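Participant: Mind looking at a prediction? Sequence and model below.
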Amino acid sequence: MWGAGRARSFVATRAEAHLGSNSSAISWARCWASRWASSLSLALLGLTAGLCALADGPSALWRHGAIGAGRSRIGDGDDDRNQLIATQRKLNRELLWERDGVESAVGMSVSNGFAFVVNGKVDGAVPGDRGTQAMLGLAPAVLHPGPKKVFVLGLGTGMTAGWVSVVPGVEQVDVAELEPAVLEVARAAAQVNQRVLERPNVRVFNGDGREFLLTSEQGYDLILSEPSNPYRAGVASLFTREFYAAVEQRLNPGGIFAQWVQGYEIDAETLRVVLRTLRGAFPVIEIWHTESDDLMLVGSRQPLVYDIPSIRARLATEPFLSALPRMWLVEGAEGLFSHFLATDQLSRSIGEAFSSDINTDDSTVLEYAFARQVGLPATGTSLQFFELAAKLGQQRPTTVGELDWDRVRELQSRAWLIASNESPDLPGLPPAARGRARAVQMGCTLHSAQVLALWGIVPKPSEPLPQPASLGPARALAAAGPELGEPALPRDIVEVYVLANGYAHFADERALPLAVTLASRGFGAEARVVRARFHAAAHQPEAALAELIPALDELRHGSIPLCDTALKALRMMPRLVRGKPALAKQALAAVMAGPLSAYQSEWLRIGTAQQIASGLDDPELCVRALGADLDQPSWEGPRLEARRDCLQRAAHPALPRAEADLRRFIGNTPGRIDDGLALPAKPELQSRATP
């Protein structure tokens, strides 16, 4: 497109060619050309602005989507056109808010919990990343005998700084956050981060954390580094020899440094570079994992020796008593050390056996080493450390006092459950312990029917057991239960929860005293869900709903619940009220009262509301339950069809658009020959309908 300068030059040149040497005429022509070109430029500018206003513009897909670096999977299937639309709709629906910050484009999305996105990369999610975000602060706070001053690099959701700030004895928590817009994320997460921005002992500095440490004269008992992934531009400078030297200078005597590093999308050589670089500043490095393949490297100037009686006493107080089961699904000293992977000797052996590079300011090899692994399959780094440390006998830290290592081994697989539905079958467990570990996995992931059998318990329901075919594998497993010996009693609150749900699934009254235990420990929503499951199994829908409605209210206003509590509550609702309009209206009102804490299970909540509303005769309730689906529906065939049917029942003005969306979806698929045909009912259905 021409600018005004090029337009003026063109018109004036053509005028001189026609007017020859007549200077006054040429001056007039030049003046006219200048005015004409300015008008043309303004007209073109207006036309461009008008066209831009009509265009969709860059959507959330481009601003906040995982495009590039092997993370976008659009085009992997046979239905590329619908995949693209579905991805665009999903990101637009999930985006709660966005900001153009000083350093980054920041967004906050919600689906199964909320996540904050920086320049298209999710840098933290709740509840999915809770095991890292909360425990990167709390675990070092337990390992240190008495921290008073703490420095946290990176605010994010505020969980690290917020939870460590409520540890007894912590007087000051300084947080460095480069992007001011991220403070909005922490405000949104106030319900799960101890309201960190309101804490009087927390100070947030907007600026570079490395610069802060280099220029500060303050000493700290704990320094916690939780930056983004090292392949992001500039982040590898927080994993260099020079940065670690600055950290070491700011640590008080006896201080601990905790460094988060990804254990996923990383090869062995890159991890060796991280360990070797960190060892340049800290002679002692222990390897822990916060959840799944999130690693925590604990650095110290001197050997770390843990006083178990003292640690037990601290873990029996708040905030540890509540945090460990909610964030790590464990309790007590055995639960804490179930996240320990390897001693300092292992990291020392790796450093001595390999001549890996050192990551320095002048040669940030980690930035490119990490980048080469993005999007590649998981390597199971935590499990590799676990197995290697066991082979070398380097899986136990130096402790003073008794620790039940058999119990530690039984709890170790729970670390993988925090952010997923699966955990590895760790070798070496006795049959009974292995069954209990598997029972916890099933009980935390919507498979309560299998808990008792795996535990070695035969249910005693208040009504006859279901037939074997409907019971599935649970009956066969239950028959083998007594071979494992006398069933063990639950030893922590997570086991209380899974066993209570296991009993409740069979309407076994042994669920009820366990529900009382849950409530007495502050897990009220969990207790109500257990009682609701019991009443549902006993065919008492009114009593079950009377528990579920306040359970949802507690999940809405409380902290992060145990395991699958929110999922269980929401998934129970539609079956419970099917064919019962009065109960369905109560359930619908409870589900639609607002999102649960930290937007956990948000799309399931919306889908549950729509499912309940679709069974009611009132079309207005159906339209209300659509929510965001009214204008931006999920691009899935069943959801689009349900939306069309709902709007058709309500004679809603948006019906033509819903019909067009459904036609477009079908048109983008290979389809079936009978799509759109009104087929007659099957003969057997007709015969049943005949009086």
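Facilitator: All right, it came through fine.

Participant: pLDDT weak spots in the chain?
Facilitator: Applying pLDDT under 70 to the chain flags residues 1-59, 67-79, 462-485, 671, 674-679, 681-691.

Participant: Which strand runs longest in it?
Facilitator: The strand of greatest length in the chain, counted in residues with DSSP state E as the criterion, is given as strand 251-262.

Participant: For Met592, which residues are in contact?
Facilitator: With contact set as CB atoms under 8 Å, 6 or more residues apart in numbering, Met592 has these partners: Ala609, Arg624, Ala625. To be clear about C-beta, it is placed using only N, CA and C from the backbone, and glycine gets the same treatment.

Participant: mind running it again at 7 Å?
Facilitator: Residues counted as contacts of Met592 (CB atoms under 7 Å, 6 or more residues apart in numbering) are Ala609, Ala625.

Participant: And the strands in the stretch 201-350 of the chain, which stretches?
Facilitator: With DSSP state E, counting those that start in this stretch as the definition, the stretch 201-350 of the chain shows strands at residue ranges 202-206, 220-225, 251-262, 284-291, 294-300, 305-307, 340-342.

Participant: domain parsing for this structure?
Facilitator: For the chain, automatic domain parsing gives the domain ranges 1-29, 130-416, 430-597, 617-669.

Participant: quick one, what contacts the closest residue to Gly401 other than its chain neighbours?
Facilitator: Beyond its immediate neighbours in the sequence, the residue positioned closest to Gly401 (CB to CB, 6 or more residues apart in numbering) is Ile308, lying 3.2 Å away. If a contact means CB under 7 Å, 6+ apart, then Ile308 has Ala333, Thr399, Val400, Gly401, Glu402, Leu403 as its contacts.

Participant: The host helix or strand of Leu84: which residues count as buried?
Facilitator: Counting by DSSP states H and E, the element that carries Leu84 is helix 80-94. Residues of helix 80-94 classed as buried by neighbour count (16 or more other CB atoms under 10 Å): Asn82, Gln83, Ile85, Ala86, Thr87, Gln88, Arg89, Lys90, Leu91, Asn92, Arg93, Glu94.

Participant: how far away is Thr364 from Phe370?
Facilitator: Distance, Thr364 to Phe370, by CB to CB, to the nearest Å: 10 Å.

Participant: swap in Gln395?
Facilitator: Separation of Gln395 from Phe370 (CB to CB): 27 Å.

Participant: Ok, Ala453 next?
Facilitator: 44 Å.

Participant: Same question for Arg491.
Facilitator: 40 Å.

Participant: so who does the residue positioned nearest the centre of the chain touch?
Facilitator: By CA atoms, centre = their mean, the chain has its centre lying nearest to Gly128, at 2.8 Å. Taking CB under 7 Å, 6+ apart as the contact definition, Gly128 lies against Gly113, Ala419.

Participant: Can you give the contact residues for the helix holding Leu84?
Facilitator: Under the criterion CB under 7 Å, 6+ apart, residues 59-61, 64-65, 74-75, 77, 109-111, 628, 632-636, 665, 668-669 lie in contact with helix 80-94.

Participant: Just the buried ones out of those residues, please.
Facilitator: The neighbour-count test (16+ other CB under 10 Å) applied to those identifies Ala60, Leu61, His64, Gly65, Ser109, Val110, Ser111, Pro633, Ser634, Trp635, Phe665, Asn668 as buried.

Participant: how near is the fourth one to Arg81?
Facilitator: Same thing as Gly65. With CB to CB as the criterion, Gly65 and Arg81 are 17 Å apart.

Participant: about what we covered before: may I see the buried residues of the longest strand of the chain?
Facilitator: Residues of strand 251-262 classed as buried: Leu251, Asn252, Gly255, Ile256, Phe257, Ala258, Gln259, Trp260, Val261, Gln262 (neighbour count, 16+ other CB under 10 Å).

Participant: which ones are touching the second one?
Facilitator: Same thing as Asn252. Shown here is Asn252, whose contacts under the criterion CB under 7 Å, 6+ apart are Gly219, Tyr220, Asp221.

Participant: Which members of those are classed as buried?
Facilitator: With neighbours counted by 16+ other CB under 10 Å, the contacts of Asn252 contain buried members at Tyr220, Asp221.

Participant: and the contacts of Asn252 as JSON lines, adding distance to Val284?
Facilitator: Rendered in JSON lines, the data for those read as follows (distance: CB to CB, whole Å):
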{"residue": "Gly219", "distance to Val284": "19"}
{"residue": "Tyr220", "distance to Val284": "17"}
{"residue": "Asp221", "distance to Val284": "16"}
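
Participant: My guess is Arg409 contacts Arg434. True?
Facilitator: No - contact criterion CB atoms under 7 Å: Arg409 and Arg434 do not qualify, at 10.1 Å.

Participant: I'd guessed Ala532 sits against Ala544; true?
Facilitator: Yes - using CB under 7 Å, Ala532 makes contact with Ala544 at a distance of 4.4 Å.

Participant: what's the neighbour count on Arg664?
Facilitator: Applying other CB atoms under 10 Å, we find 14 residues neighbouring Arg664.

Participant: Next up, identify which helix or strand it is on.
Facilitator: Secondary structure from DSSP H and E places Arg664 in helix 655-667.

Participant: Tell me what angle that helix forms with helix 80-94.
Facilitator: With axes from the mean of the first three to the mean of the last three CA atoms, to 10 degrees applied, the angle from helix 655-667 to helix 80-94 works out at 140 degrees.

Participant: I'd like to know which elements helix 655-667 is packed against.
Facilitator: Helix 655-667 makes packing contacts with helix 637-649 when contacts are defined by 3 or more CB pairs under 7 Å, 6 or more residues apart in numbering; DSSP states H and E.

Participant: Great, nothing more from me.
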